[in-house]
Every structure is written in structure tokens, then in C-alpha cells.
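Enquirer: Turn this into a structure:
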Amino acid sequence: MSTLSEAPSTRTPGTPTHLKTPAAPPSRFARLRRTNSLGALGGLVWLVIVIVPIYWVVVTSLRTRDGFFEANPLSIPSDPTLDNYRLVLDNGFWHYLFNSLVVTVGATLMTLVVSFLAAYAIVRGTGKGLRWAFSVFLLGLAIPMQATIIPIYYLIAKAQMYDTLLALVLPSAAFAIPLTVIILVNFLRDIPDELYESMRADGAGHWRMLWNLALPLARPALLTVTIYDALNVWNGFLFPLILTQSPDKRVLPLFVWSFQGEFTINVPAIVAAVVLSTLPILALYVVGRRQLISGMTAGFGK
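Expert: Presented below is the predicted three-dimensional model:
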């Protein structure tokens with residue numbers, strides 16, 4: 001028993017493997033050598049590139065007009081003020097915010113309904129025309145928005161919808177549908193066929209399988225395309241510029257553009273308008289950023 005309690009410091013032939021000396025933990029120098037210094041430096045540089053403009057925008061919005069030309073652009077203002085935000089709010093900001101919400105919510109809901117029904121039909125349908133339909137959606141990704149602005153203007157004018165919010169909802173939804181369908185199709189294809197067959201054996205039809213099976217399982221993808229489409233519609237500028245004319249039909253991007261023309265020399269007020277117009281959609285992105293990334297990659301692994 002005494003010989004077994006004294007394990008040799010070095011392993012000799014015939015020594016049992018369970019008596020080997022445990023390996024020493026890696027030293028601090030070895031851990032530092034394994035650190036990706038180049039990647040860490042690149043991440044730090046990218047963080048500075050992102051943070052500095054945001055810091056400048058926030059700090060500038062708190063300056064007075066005279067203080068903007070006199071102080072260091074990156075210094076904290078000695079006498080911060082909220083007058084720039086009051087000026088923006090007093091120039092119809094809430095009305096333009098409401099218009100943006102109407103256009104964004106309307107276009108996003110229309111995109112989700114049409115795209116989800118089309119994606120389900122493409123995945124579960126058996127007709128040959130559905131394959132051609134999917135090819136048409138793929139073709140829609142290759143058509144730039146700028147190349148179709150004249151036909152869209154002609155159609156909107158002939159339909160007597162020019163200078164209305166509906167004139168912004170329909171084209172925005174039309175250009176968001178192709179990518180949304182592709183994302184949902186790739187996600188719905190990953191749902192096992194056994195689940196559909198089990199519901200079909202219970203007498204369920206397509207509408208019931210669509211509502212009780214496909215919709216709950218596709219919730220991550222639906223949240224993803226909701227955030228992505230809402231971001232694109234909210235930041236849209238071309239359609240509001242071409243398809244609307246009246247000041248009361250403006251959305252926030254067009255309001256910031258017109259506000260810049262009105263208060264050209266008041267840079268802090270212009271920056272405050274940018275901050276206020278960014279906050280709603282920035283909050284949506286912060287809340288759903290993880291769902292956006294995970295949903296964009298889901299469905300493409302197979």
C-alpha cells in the first residue's frame with residue numbers, strides 16, 4: 001500500500017495511465033500568445049469609428065448655434081441646452097412622426113401577410129406555377145428601385161393616389177416582398193414534413209396548418225423580416241420625395257431634408273431633428289437585434 005501511494009514523478013514503461021502527473025495549466029504568457037491581437041485592434045478601431053460620430057451628433061444637438069462655431073466639435077458643451085429639440089418639436093415633428101408610423105406599419109403589415117401566404121404556397125404547394133412564382137420573386141431582387149420610379153409615378157397618378165400616404169405604402173411593400181418571401185421560404189422549408197402529415201391525418205386543412213403550425217414555428221423569421229422591412233420603409237426617401245407634394249403628407253426623412261433647407265445655418269437644430277427621427281426605429285432595432293441576426297441566418301444552413 002505504501003508503494004502505491006507514492007506515484008513516480010515521471011512516467012516509466014509499465015506505469016498505469018491513471019498515475020500520470022496532471023498537465024500544468026497554461027501560463028499567462030501562453031494565453032497572451034493565443035490572443036488575437038490583430039482582431040482586437042481591428043475591433044477597437046471599428047468601435048471608435050462608430051462611437052465618435054454618434055457622440056458628435058448627440059453633443060452637437062445640445063449646443064447653441066453660436067457655441068457650435070466657437071467650441072471644439074468633440075468637447076462637452078459648457079452650457080448644454082434643449083432649445084434645439086424644442087424647435088424641432090414646434091415645427092410639426094409629431095405630425096410627421098405619425099405619417100411615418102402610418103406608412104411603416106401599413107407597408108410592413110401588407111408585406112408580412114402577402115409574403116407569408118406566398119411562402120407557404122411555394123413550400124407546400126404542388127403546382128408547377130409555384131416554381132415560376134418563386135423565380136419571379138427572385139427576379140424582383142435584381143430590379144433597382146430607382147429604375148422603376150417613372151412607371152411607379154405614372155401608375156400612382158393614373159390611380160389618383162398621388163400625394164397620399166397610400167401612394168407610399170403600396171410601392172414600399174412591393175419592393176419589400178421579394179426578399180421577405182425568400183427568407184420565409186427558406187425558413188418554412190426547415191419545418192419537418194412529419195408535422196404537416198400528422199395534422200393532415202387529424203383532418204386539418206391548409207388554413208389550419210398555416211395558422212396552427214407554420215405561423216408559430218415561423219415566428220423568429222417573421223420578427224426578423226418585420227424589423228428589417230420596418231427599417232427600410234422608415235428610412236425611405238425616394239418614394240416620399242417623388243410621390244408626395246403637400247407638406248402635411250411628409251414623413252420624417254423628408255421632414256429632416258426640408259428642415260435642413262429652412263435652418264441651414266442652425267446646425268445643432270438640424271442634428272437634433274436627426275436624433276429625434278432616429279430614436280423610434282433605433283429603439284426597435286435595439287429590442288430585436290438578436291432576433292434579427294438569428295432569423296436572417298436561420299433556414300440557410302441546409
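
Enquirer: for the stretch 1-150 of the chain, what are the low-confidence residue spans?
Expert: 1-35 (pLDDT under 70).

Enquirer: Start from the N-terminal end of it and give the helices.
Expert: 2-5, 28-34, 37-61, 65-70, 83-89, 93-124, 128-140, 149-158 (DSSP state H, counting those that start in this stretch).

Enquirer: Quick one, which of these gets closest to residue 196.
Expert: Closest approach to residue 196 among the helices of the stretch 1-150 of the chain is made by helix 93-124 (7.0 Å; C-beta to C-beta). Yep, even glycine has a C-beta here, placed from its N, CA and C like the rest.

Enquirer: what helices or strands is the closest one leaning on?
Expert: Helices and strands touching helix 93-124, by 3 or more C-beta pairs under 8 Å, 6 or more residues apart in numbering; DSSP states H and E, are helix 128-140, helix 166-188, helix 206-209, helix 219-234, helix 252-262, helix 267-297.

Enquirer: helices or strands up against the last one?
Expert: Right, the one you point to is helix 267-297. Right, helix 267-297 is packed against helix 37-61, helix 65-70, helix 83-89, helix 93-124, helix 166-188, helix 219-234, helix 252-262 by 3+ C-beta pairs under 8 Å, 6+ apart.

Enquirer: Tell me the pLDDT of residue 236.
Expert: Looking at residue 236, its pLDDT reads 90.

Enquirer: Would you confirm that it contacts residue 175?
Expert: No - contact criterion C-beta atoms under 8 Å: residue 236 and residue 175 do not qualify, at 9.1 Å.

Enquirer: And the pLDDT at residue 153?
Expert: For residue 153, pLDDT reads 94.

Enquirer: what do you get for residue 213?
Expert: Predicted confidence (pLDDT) for residue 213: 85.

Enquirer: OK, contacts around it?
Expert: By C-beta atoms under 8 Å, 6 or more residues apart in numbering, the contact set of residue 213 is 191, 195, 196, 199.
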